[in-house]
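> Dropping a prediction and its sequence here:
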Amino acid sequence: MIKFKDSDCYPMMFDLFGLIAMSNGWLAFPMVWEDKYYLKKVIEIDGKNIFILGRNLELEGHE
């Protein structure tokens with residue numbers, strides 16, 4: 001798995017219930033999710049949204 005330092009990542013917002021519903025089991029961090037995102041760690045849960053420190057792999061050309 002590709003690993004990034006905290007300084008290489010940025011906050012990303014997801015719909016909490018959508019993220020859980022679309023996952024294939026437990027959400028364990030760090031992880032590559034849907035081959036689109038590298039999710040390092042949860043930084044805040046705000047009502048229905050979850051903010052995760054991570055990176056968008058599709059924008060960077062990683063496979």
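Received it, and whenever you're ready, just let me know what you need.

> Please count neighbours and contacts with C-alpha atoms only from this point.
OK.

> so how far does stretch 26-41 reach from one end to the other?
End-to-end span of stretch 26-41 (CA to CA, to the nearest Å): 14 Å.

> List the contacts of that stretch.
Residues outside stretch 26-41 that contact it (CA atoms under 8 Å, 6 or more residues apart in numbering): 1-4, 6, 9, 20, 23, 52-58, 63.

> quick one, strands of this protein?
10-15, 31-33, 37-46, 49-56 (DSSP state E).

> picking that back up, between the contacts of stretch 26-41, which is nearest E44?
Each of these was scored against E44 by CA to CA, and I52 proved nearest at 7.1 Å.

> Name whatever forms a beta bridge with the closest one.
Note on I52: beta-bridge partners M12, V42, judged by DSSP bridges.

> I'd guessed it sits against V42; true?
Yes - contact criterion CA atoms under 8 Å: I52 and V42 qualify, at 4.4 Å.

> Quick one: neighbours of the residue nearest to I20 when sequence neighbours are not counted, just the number.
With sequence-adjacent residues excluded and distances taken as CA to CA, 6 or more residues apart in numbering, I20 is closest to L27, at 7.4 Å. By other CA atoms under 10 Å, the residues close to L27 number 12.

> Give me the mean pLDDT for the biggest helix by length in the chain.
Criterion DSSP state H: the longest helix present in the chain is helix 16-22. Computed over helix 16-22, the mean pLDDT rounds to 86.

> CA atoms only for that helix, dumped as CSV, please.
Extracted in CSV, the C-alpha atoms of helix 16-22 (Å, rounded to 0.1, in the frame of the first residue of the first chain):
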residue,chain,number,x,y,z
LEU,A,16,-20.3,9.4,7.2
PHE,A,17,-23.2,7.1,6.6
GLY,A,18,-22.4,6.8,2.9
LEU,A,19,-18.8,6.0,3.6
ILE,A,20,-19.8,3.2,6.0
ALA,A,21,-22.5,1.9,3.7
MET,A,22,-20.1,1.7,0.7
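
> Which of the residues in it are classified as buried?
By 16 or more other CA atoms under 10 Å, helix 16-22 has no buried positions at all.

> Does anything pack onto the lowest-mean-pLDDT helix or strand in the chain? Which helices or strands?
Least confident helix or strand, the chain: helix 57-60 with a mean of 80, by mean pLDDT, DSSP states H and E. Contacts defined by 3 or more CA pairs under 8 Å, 6 or more residues apart in numbering; DSSP states H and E place helix 57-60 against strand 37-46.
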